[in-house]
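> structure for this input, please:
(one chain, ligands or ions: 2)
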Amino acid sequence: MALRSMDTLNVTGRRVLLRLDLNVPLKEGRVLDDTRVREAAPTVRTLAERGAIVIACSHLGRAKGKPDPALSLAPVAPVLEKHAGRPVRFVPDVVGQAATNAVAQAKPGDVLLLENLRFEAGEEKNDPAFCTKLAALAEVYVNDAFGTAHRAHASTAGVAAHFSELAAGPLMAREIAALSKVRDNPERPFVAVVGGAKISGKLETLTSLANRANTVVLVGGMANTFLLAEGTAVGTSLVEADLVGTAKEILATASARGVEVVLPTDVVVATSPEAPGRTVNVDGVAAGEAILDIGPRTQKRIAEVVAEARTVFWNGPAGVFEKPAFAAGTLAIAQALAASRAFTVVGGGESVAAVQQAGVAAKLSHVSTGGGASLEFLAGETLPGVAVLEEGNK
Ligand code: ADP
Ligand code: MG
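Ligands and ions are numbered 1, 2, ... in the order given. The predicted structure is shown next:
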């Protein structure tokens, strides 16, 4: 189903409720990393330039349904103003009289930023009464917050039913387009590289990718459980012993479907992430050692597989890349994707951080900032925040 695009909406002179992802890290009222604000700013500017009254809103942190001054969106307003190149008026209220008044006074081209949505108990509960109040602020609804689209909250889901005119913002549209291509229509060979700490929490995504890809490369902590399932001694490595059976099933399914599975053949081990590492064959892990990265032979194999691919999706670091001694495998994967001619998509919090650390983000087709939402989308799950924007859903 197609998503409605923001371009098709008539917004001139009209009040637009714009759900953004301005969930930035704050410290003592200062924005530590403004990436999300920078990315959201063009949507705000576009709507304002088209003569909309922009009513921007977002959650920030884990506010518990009541005001928490440490989680106020107030410090974000000047940052948004700077990046959008338009004055942004912060409104210290969500759906109360102050918000209603500010909206009533606003003129076409004005930008308001409401207070943290999660200061209201109705937001995470998707409470109908709160949805009604939030919707009453505006005539048109645009959601550009893909990262929260997997949550059925008031501002991402419930509010939509009140609007006959609604659309996906450009960031949302770009995420869906790239992830849909990977999930539904990948050019082949399609290679999925999956790593990170654990299988649990990514099981549906992993299973889905193992069903759709031509080759699945397993790295990072999650590969340990697969190695264990194949009878390899993994010492003190991070493993999920209760998922060995699941790992065996995934390997059996892949084999039955003719999906190639690439596991590490050499690894970097150490007695702790603070200790120096040594590279060994995967069957050479000593009892007191943990696998903390993939070795150079495995890196080379992955680079070859990626070089032959037409589509690559990567989620999950290949090692404890936060420590320089165990970052080589992860950085090598980032470089392999950057060098590839394939349609390359990276998703996941730490994976995106690794791509930025490697300085190759601009060489990839799409860097998904959706985190959990991207993985759920790839697993084939319906995201409530996307479903309400789909054409014909009304
Ligand atoms: P993402 O956020 O990209 O989805 P995850 O959250 O699943 O990735 O995993 C990231 C974490 O996995 C990193 O903090 C990294 O240190 C850890 N990790 C990767 N490989 C290993 C390993 N072999 N042993 C322990 N932890 C690992
Ligand atoms: Mg993570």
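
> may I have stretch 233-241 exported as CSV, CA atoms only?
Coordinates of the C-alpha atoms in stretch 233-241 are reproduced here as CSV (Å, rounded to 0.1, in the frame of the first residue of the first chain):
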residue,chain,number,x,y,z
ALA,A,233,33.7,-24.4,22.0
VAL,A,234,33.2,-20.7,22.7
GLY,A,235,34.8,-20.3,26.1
THR,A,236,33.4,-17.5,28.1
SER,A,237,31.8,-15.8,25.1
LEU,A,238,28.5,-14.1,25.3
VAL,A,239,26.0,-16.9,24.4
GLU,A,240,22.3,-17.5,24.8
ALA,A,241,22.3,-21.2,25.7
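
> and that stretch, which residues are buried?
Neighbour-count burial for stretch 233-241, counted by 16 or more other CB atoms under 10 Å, picks out Val234, Thr236, Ser237, Leu238, Val239, Glu240. For every residue, glycine as well, the C-beta is placed using N, CA and C.

> repeat for stretch 20-31
Neighbour-count burial for stretch 20-31, counted by 16+ other CB under 10 Å, picks out Leu20, Asp21, Leu22, Asn23, Val24, Leu26, Val31.

> once you drop chain neighbours, what's closest to the closest residue to ligand 1 within the stretch 51-200 of the chain?
Using CB to the nearest ligand atom, the single residue of the stretch 51-200 of the chain nearest to ligand 1 is Gly196, 2.3 Å away. Nearest in space to Gly196, with sequence neighbours left out and distances taken as CB to CB, 6 or more residues apart in numbering, is Gly316 at 2.8 Å.

> Phe90 against Leu80, yeah?
No. Using CB atoms under 8 Å as the test, Phe90 is too far from Leu80 to be in contact (9.1 Å).

> quick one: common contacting residues for those two?
Common contact partners of Phe90 and Leu80 (CB atoms under 8 Å, 6 or more residues apart in numbering): Leu113.

> who has more neighbours out of these two?
The neighbour count for Phe90 versus Leu80, taken as other CB atoms under 10 Å, is higher for Leu80 (26 against 21).

> check what pLDDT that one gets.
What the model reports as pLDDT for Leu80 is 98.

> so it touches Leu112, yeah?
No. Under the contact definition of CB under 8 Å, Leu80 does not touch Leu112, with a separation of 10.7 Å.

> show me the common contact partners of those two, please.
Shared contacts of Leu80 and Leu112 (CB under 8 Å, 6+ apart): Ala56, Val88.

> any regions of the stretch 201-350 of the chain where pLDDT drops low?
Under the criterion pLDDT under 70, no range of the stretch 201-350 of the chain is flagged.

> one more time with 90
Within the stretch 201-350 of the chain, the set of residues satisfying pLDDT under 90 comprises 201, 349.

> quick one: the strands in it, in order.
When secondary structure is read from DSSP state E, counting those that start in this stretch, the stretch 201-350 of the chain shows strands at 215-218, 260-262, 266-270, 278-281, 290-294, 311-315, 343-347.

> make CSV out of those and add distance to Glu391 and mean neighbour count.
Conversion of the strands of the stretch 201-350 of the chain to CSV gives the following (distance: least, CB to CB, whole Å; neighbours: other CB atoms under 10 Å):
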stretch, distance to Glu391, mean neighbour count
strand 215-218, 33, 25
strand 260-262, 37, 16
strand 266-270, 48, 25
strand 278-281, 53, 14
strand 290-294, 43, 28
strand 311-315, 26, 28
strand 343-347, 24, 25
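
> for these, which one sits closest to Arg50?
Judged by CB to CB, the one of the strands of the stretch 201-350 of the chain that comes nearest to Arg50 is strand 343-347, at 30.1 Å.

> can you tell me what sits against the closest one?
Counting by CB under 8 Å, 6+ apart, the neighbours of strand 343-347 from elsewhere in the structure are 178-179, 181-182, 186-187, 310-315, 334, 337-338, 352, 355, 364-368, 370-371, 374-375, 378.

> for Met1, give me the pLDDT.
Among the per-residue scores, Met1 shows a pLDDT of 67.

> could we number from 425 for the rest of this?
Got it, the first residue is 425 from now on, which makes the last one we talked about Met425.

> domains of this structure?
The record assigns the chain these domain ranges, following automatic domain parsing: 430-592, 604-802.

> returning to what we had before: now do the residue nearest to Gly620 against Val478, distance only.
Separation of Gly740 from Val478 (CB to CB, to the nearest Å): 37 Å.

> do the same with Lys557
As it turns out, when the distance is counted by CB to CB, Lys557 lies 19 Å from Val478.

> ok, the two, which is more surrounded?
Taking Lys557 and Val478 together and counting by other CB under 10 Å, Val478 has the greater number of neighbours (29 against 20).

> hang on, that one in a strand?
Yes. With DSSP: H, G, I helix; E, B strand; the rest coil as the criterion, Val478 is located in a strand.

> can I assume it is in contact with Val440?
Yes. Counting by CB under 8 Å, Val440 is a contact partner of Val478 at 5.7 Å.

> overlap of the contact sets of these two?
Both Val478 and Val440 are in contact with Leu471, where contact means CB under 8 Å, 6+ apart.

> can you give me the distance of the residue of the stretch 475-624 of the chain closest to ligand 1 to ligand 2?
With distances defined as CB to the ion, to the nearest Å, the gap from Gly620 to ligand 2 amounts to 6 Å.

> what do you get for Glu611?
Using CB to the ion, which is the criterion applied here, Glu611 is 28 Å from ligand 2.

> can you get me a residue count around the nearest residue to that residue once chain neighbours are set aside?
Computed as CB to CB, 6+ apart, the closest residue to Glu611 that is not its neighbour in sequence is Arg734, at 3.8 Å. Around Arg734 there are 15 other residues, counting by other CB under 10 Å.

> who's in contact with Arg734?
Arg734 sits next to Pro610, Glu611, Arg612, Pro613, Phe614, Arg765, Ala766, Phe767 when contact means CB under 8 Å, 6+ apart.

> the same query, at a cut-off of 10 Å, please.
Pro610, Glu611, Arg612, Pro613, Phe614, Val615, Asn638, Ser764, Arg765, Ala766, Phe767 (CB atoms under 10 Å, 6 or more residues apart in numbering).
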